[in-house]
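>>> A structural model of the following input is requested.
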Amino acid sequence: MLKVLFVCLGNICRSPMAEARFRDLLIREGLEQKVLVDSAGTGDWHVGNSPHEGTRQILDQYKIEYKGIKARQLTKDDLLNFDYVIGMDMDNINNVHSLAGSESVTIISRLLDYSEQGNKDVPDPYYTGNFDEVYQLIDAGCQSLLDHIKINHKI
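Now for the predicted structure:
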């Protein structure tokens with residue numbers, strides 16, 4: 001089974017939104033038994049918390065399930081156990097690389113590296129409040145990532 005981990009700073013806004021949307025896409029395409037998806041944050045401030053109210057509202061708006069998603073902190077084991085670690089911005093990627101060291105063979109990239117978007121960073125709606133814009137970017141990035149995985153892993 002292929003394993004994909006979405007990462008942001010606190011794991012309450014962007015990465016749980018990406019986890020929920022990617023899982024939704026997998027279910028729609030009948031691939032939920034072939035790809036495991038999870039999310040984590042580089043920081044520990046929100047460990048155990050549900051997604052941010054803004055994330056929950058936008059996922060509710062698009063009828064995307066998020067029950068059971070709770071914030072957790074990224075671990076070194078994640079970098080050994082996941083095939084893809086997908087950060088939301090360059091700060092996340094730098095933090096992941098710092099934790100990974102030279103041991104990881106995980107593919108570490110930004111979500112929008114897989115899309116046609118000009119700017120490759122997904123802004124943090126915790127600070128901007130723009131959950132709709134963030135959802136649009138995450139939606140496009142998740143679809144592009146899934147297309148990449150289907151082609152490169154023949155699923």
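>>> so residue 3 lies in a helix, does it not?
No: read with DSSP: H, G, I helix; E, B strand; the rest coil, residue 3 is strand and lies in no helix.
>>> surely it meets residue 80?
No: contact between residue 3 and residue 80 fails when scored by Cβ atoms under 8 Å: they sit 10.6 Å apart. Heads up, the C-betas are built off the backbone N, CA and C, glycines and all.
>>> name the residues of stretch 76-93 that are buried.
Neighbour-count burial for stretch 76-93, with 16 or more other Cβ atoms under 10 Å as criterion, is recorded at 78, 79, 82, 83, 84, 85, 86, 87, 88, 89, 92, 93.
>>> show me where pLDDT drops low in this protein?
Low-confidence segments of the chain (pLDDT under 70): 103-104.
>>> picking that back up, which members of the buried residues of stretch 76-93 occur in strands, if any?
Of those, the ones assigned to strands by DSSP state E are 84, 85, 86, 87.
>>> quick one, what contacts residue 1?
Shown in contact with residue 1 (Cβ atoms under 8 Å, 6 or more residues apart in numbering): 33, 34, 35, 36.
>>> go with 10 Å
Counting by Cβ atoms under 10 Å, 6 or more residues apart in numbering, residue 1 makes contact with 33, 34, 35, 36, 83, 155.
>>> can you tell me which of those residues are buried?
Restricting the contacts of residue 1 to buried positions leaves 35, 36, 83, with burial counted as 16+ other Cβ under 10 Å.
>>> and the helix ranked longest in the chain, what's buried?
Ranked by residue count, the top helix of the chain under DSSP state H comes out as helix 131-153. Within helix 131-153, the residues that count as buried by 16+ other Cβ under 10 Å are 131, 134-135, 137-142, 144-146, 149.
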